[in-house]
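> fold the following for me, if possible:
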Amino acid sequence: MTAAENVCYTLINVPMDSEPPSEISLKNDLEKGDVKLKTEALKKVIIMILNGEKLPGLLMTIIRFVLPLQDHTIKKLLLVFWEIVPKTTPDGRLLQEMILVCDAYRKDLQHPNEFIRGSTLRFLCKLKEAELLEPLMPAIRACLEHRHSYVRRNAVLAIYTIYRNFEHLIPDAPELIHDFLVNEKDASCKRNAFMMLIHADQDRALDYLSTCIDQVQTFGDILQLVIVELIYKVCHANPSERARFIRCIYNLLQSSSPAVKYEAAGTLVTLSSAPTAIKAAAQCYIDLIIKESDNNVKLIVLDRLVELKEHPSHERVLQDLVMDILRVLSTPDLEVRKKTLQLALDLVSSRNVEELVIVLKKEVIKTNNVTEHEDTDKYRQLLVRTLHSCSVRFPDMAANVIPVLMEFLSDNNEAAAADVLEFVREAIQRFDNLRPLIVEKMLEVFHAIKSVKIYRGALWILGEYCSTKEDIQSVMTEVRRSLGEIPIVESEIKKEAGELKPEEEVTVGPAQKLVTEMGTYATQSALSSSRPAKKEEDRPPLRGFLLDGDFFVAASLATTLTKIALRYVSLVQEKKKQNSFIAEAMLLMATILHLGKSSLPKKPITDDDVDRISLCLKVLSECSPLMNDIFNKECRQSLSHMLSAKLEEEKLSQKKESEKRNVTVQPDDPISFMQLTAKNEMSSKEDQFQLSLLAAMGNTQRKEAADPLASKLNKVTQLTGFSDPVYAEAYVHVNQYDIVLDVLVVNQTSDTLQNCTLELATLGDLKLVEKPSPLTLAPHDFANIKANVKVASTENGIIFGNIVYDVSGAASDRNCVVLSDIHIDIMDYIQPASCTDAEFRQMWAEFEWENKVTVNTNIIDLNEYLQHILKSTNMKCLTPEKALSGYCGFMAANLYARSIFGEDALANVSIEKPIHLGPDAPVTGHIRIRAKSQGMALSLGDKINLSQKKTSL
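Now for the predicted structure:
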């Protein structure tokens, strides 16, 4: 085993610029120097030994001149020195000098200073030589009775490691520690002792726990955590013990420590699936979320609740706790609120929907009163969408929800108002009984709508669903009110001219002297014509939109007027009234056309809008039955088709979700009875503590694909050639924000390579955490060097570098081997995500970086190409399957993904099958990628370019 493979407990920083000192000068400093000089010399010795130097001549010098010193710094350094120095001869026998060292440590274990005793005991945990430990055993035992807790707790650890490695040295350790535990008062000592008993003699640990099970709540949190772990392990291995300890876990749910409560709740869920246990654990999780201030903790605990919900039998228990879960909405963080609302929506049922809607309505009203914050609008949107989903699933609720939400149509935030409008549109189409209520509320808020997009939607709804004569006349009144005085052009010209008329209001005031920029006086006339009182802001809303040049709303208005006029004709029999209404509608359209062609608006009317308004005028002048059908029936039918397709898609996705969650049991599956199960079979379940430890260390065992190529070897990169003096290859392990490079370095020469150093540099948003330390490689020897790299964003990162070394005995300069570049794959950071069409379009408009990739592939099927792109980029297809089904020679789809750093990536795939080139022609087209950062857009483009072609295995 090389020096690099030894377990390292101590990290030591090495200055790279200093020359390695000679053995003679070090010997001199250690013998004759003062304490400061000896300290420096000892540090140099430690560094040289770590670099592979042997320095056997210095061992006796250190024992004679440094070991007797009482300086604390030197004592600390000596502990490191004795840990790393070779203690055996080449044939494996212990060096004679170590007996002297052993005696020195026996004295340190009896030292009056508790720090020296404690640190010596910690050092003994790292010793692997039984011959050195044997003479020290009486002194270690004696430390268990020391007055200071620091010494006692380290003595327990030392006894535990010695018992684990060399049981024959202290065979009665479990008994000794059990007696110590019974009499001990200090929490950290009790925790260490109990931890030892768990691993060394579980029965004794259980005996101790049984004697004090009622006092567990009074223990310190560190001991409580260990008790939770023990109960989990015991019940995991031997389920018959559950009844004995489950009460203890229930008690620990009331612990004052959040960590203990969290672990106890997690353990309770794994030990029992009884509704009372699940309820207690869920309640504990909810309390933790509300009381903990850290948003990360809130999100982690919310994930636990989501996991609980995934279990079909637990879902019903959680449904009773929906109101408690909604208490989490008091958290200001948007991400926490989003997750909470999603969880509440998943748990909503006919039993609790009424209460849920009441709470959400209160929350919506609250958002109206708070001072505007950027997250307030987004939160309001979330609430509206949640209420929308509730109303669709439980139609009885819609009548309660709609009046509250329709107040928000006049909201300044267009996104929230658009969500309300979408909800209202669906409700008015689905629920016939609510139509009069919705139309009435819509007419109330119509004049207050500020956004042109919302105004357009509201016009459409009113035009489509006003069915009584009174409602139709109300719509016409509202439109006239919103348009102001007509004809628009003449009234606007009059207003402009009105500023210059002498009969306008004139104010007389004293002459005023003003000073100009140059310092001279400028006199202002006392006679000043005031502007008309009608300010630009006071214009009626529709008139304002038109004068700003937004004539799309005019086209929408023309359609609405046509619909209500045609409906009015069918409702009212009097010819005079019919003609009067149609004439009024035609006058409004004509005056808008006149305005569009004049020079008053900021932008002239577009040809499309002119065509639309002209068409509506023609339809009204003719009033044919065919047009009546198209305007009043087919429009509504197309909305109905769209909504039913959307509902079908939602049901399909819900069905898929429930199929995933439903555990199907085959007729011939064996039934396992807990009482009849053998112990070894029960332990086959995964140990949660072990899994969480592995996850924290970044060693989570991902379920590898069945493909044999998808193994670790796929991540191995060759860094140098086989004929180079030093061969190197790296295994790249990605763990979220960290990349660990495990580099294997092989000396292929017959010389000893000294100061062999791996020098790395990074390009992109990567940062090297620490410089790997230099090594000494024997002829044909090999070593592993680990390097950590931090990642800050999703960008194609490159790690490059070289290996430099000295050949022992050669007078030449340092040798250098340049390494190949390591490219970091961004797919490790990109995860599929979903968003609504409106959000996609908004992001598409906002993101400034676009990368257009031309399709260049050997795949001949459109759907197959899309699936291949989805698989190779980790993106999710937002276009519904129904829209992609069928075959028409071309395809367009929207893709979306998010990185673990919260960056969004959008892509639009537009591909076609060139039929004129024959059936075997490959797919052609473009993929447009948009992202907020340049790196993301370029990296994703590179990834698509590299993986476009399908490789045939």
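> could I get the full set of strands for the stretch 601-750 of the chain?
716-718, 726-735, 738-747 (DSSP state E, counting those that start in this stretch).
> please name whichever of the ones you listed is nearest to residue 906.
Among the strands of the stretch 601-750 of the chain, strand 726-735 comes nearest to residue 906, with 23.9 Å by CB to CB. All C-beta atoms are positioned from the backbone trio N, CA, C, and that covers glycine.
> okay, buried residues for the closest one please.
Residues 726, 727, 728, 729, 730, 731, 732, 733, 734 are the ones in strand 726-735 that count as buried (16 or more other CB atoms under 10 Å).
> just put the strands of the stretch 601-750 of the chain in TSV and tack on distance to residue 85.
Listed next are the strands of the stretch 601-750 of the chain as TSV, based on distance: least, CB to CB, whole Å:
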stretch	distance to residue 85
strand 716-718	35
strand 726-735	28
strand 738-747	24
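> can you pull out the low-pLDDT segments for the stretch 651-800 of the chain?
651, 653-666, 668-669, 672-712, 736, 794 (pLDDT under 70).
> thinking again about what came up before, relative to residue 875, which of the strands of the stretch 601-750 of the chain is closest?
Going by CB to CB, the one of the strands of the stretch 601-750 of the chain nearest residue 875 is strand 726-735, 18.6 Å.
> can you list the strands that that closest one pairs with?
If you go by DSSP bridges, strand 726-735 pairs up with strand 716-718 (antiparallel), strand 738-747 (antiparallel).
> okay, domains of this structure per the record?
348-446, 449-496+540-633, 713-824, 828-949 (the TED database).
> run the chain-centre distance for the longest one.
Taking CA atoms, centre = their mean, to the nearest Å, the mean C-alpha location of domain 449-496+540-633 is offset from the chain mean by 48 Å.
> okay, how far is it across that domain, tip to tip?
The first and last residues of domain 449-496+540-633 sit 27 Å apart, counting by CA to CA, to the nearest Å.
> re the thing from before, can I get the domains of the chain in TSV with distance to residue 30?
Shown next, in TSV, are those (distance: least, CB to CB, whole Å):
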stretch	distance to residue 30
domain 348-446	64
domain 449-496+540-633	82
domain 713-824	22
domain 828-949	50
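> roughly how far apart are residue 497 and residue 487?
15 Å (CB to CB, to the nearest Å).
> more crowded one of those two?
residue 487 (15 against 9; other CB atoms under 10 Å).
> which residue is the nearest non-sequential neighbour of that one?
Spatial nearest neighbour of residue 487, chain neighbours left out: residue 591 (4.5 Å); criterion: CB to CB, 6 or more residues apart in numbering.
> check for me that residue 930 belongs to a strand.
Yes. Under DSSP: H, G, I helix; E, B strand; the rest coil, residue 930 falls within a strand.
> OK, contacts around it?
843, 844, 847, 849, 850, 851, 905, 906, 907, 937 (CB atoms under 8 Å, 6 or more residues apart in numbering).
> swap in residue 439?
428, 462, 465, 466, 471.
> so how far is residue 474 from it?
8 Å.
> name the residues contacting each of the two.
residue 466.
> ok so, going back, for the strands paired with strand 726-735, which one ends up most surrounded?
strand 738-747 (a mean of 19; mean count of other CB atoms under 10 Å).
> run the chain-centre distance for it.
29 Å.
> run through who's touching it.
698, 719, 725-733, 753, 756, 758, 760, 766, 772, 775, 777-791, 799, 803, 822, 824.
> cutoff 7 Å now
Contact with strand 738-747 is made by 698, 726-733, 753, 756, 758, 777, 779-791, 803, 824, as judged by CB atoms under 7 Å, 6 or more residues apart in numbering.
> and the helix or strand following it, which strands flank it?
Using DSSP states H and E, the helix or strand that follows strand 738-747 towards the C-terminus is strand 753-763. Take DSSP bridges as the rule and strand 753-763 pairs in its sheet with strand 775-777 (antiparallel), strand 798-807 (antiparallel).
> dump these to CSV, plus mean neighbour count and distance to residue 258.
Output for the strands paired with strand 753-763, formatted as CSV (neighbours: other CB atoms under 10 Å; distance: least, CB to CB, whole Å):
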stretch, mean neighbour count, distance to residue 258
strand 775-777, 24, 44
strand 798-807, 20, 39
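> so for residue 328, which of those sits nearest?
strand 798-807 (41.9 Å).
> after the closest one comes which helix or strand?
Next along from strand 798-807, by DSSP H and E: strand 815-818.
> sheet partners, orientation included, of that following strand?
Strand pairing (DSSP bridges) places strand 815-818 next to strand 798-807 (antiparallel).
> quick one: residues in contact with the partner strand.
Against strand 798-807 from outside (CB under 7 Å, 6+ apart): 726, 728, 745, 751, 753-764, 766, 789, 814-819, 821-823.
> alpha carbons only: can I get it in CSV?
Only the C-alpha atoms of strand 798-807 are listed here, as CSV (Å, rounded to 0.1, in the frame of the first residue of the first chain):
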residue,chain,number,x,y,z
ILE,A,798,-13.2,21.9,-18.9
ILE,A,799,-10.5,20.6,-16.5
PHE,A,800,-7.0,20.6,-17.9
GLY,A,801,-3.5,20.3,-16.5
ASN,A,802,-0.3,18.3,-16.3
ILE,A,803,1.8,16.0,-14.1
VAL,A,804,5.3,17.3,-13.1
TYR,A,805,7.9,15.3,-11.3
ASP,A,806,11.7,15.0,-10.6
VAL,A,807,13.7,11.9,-11.3
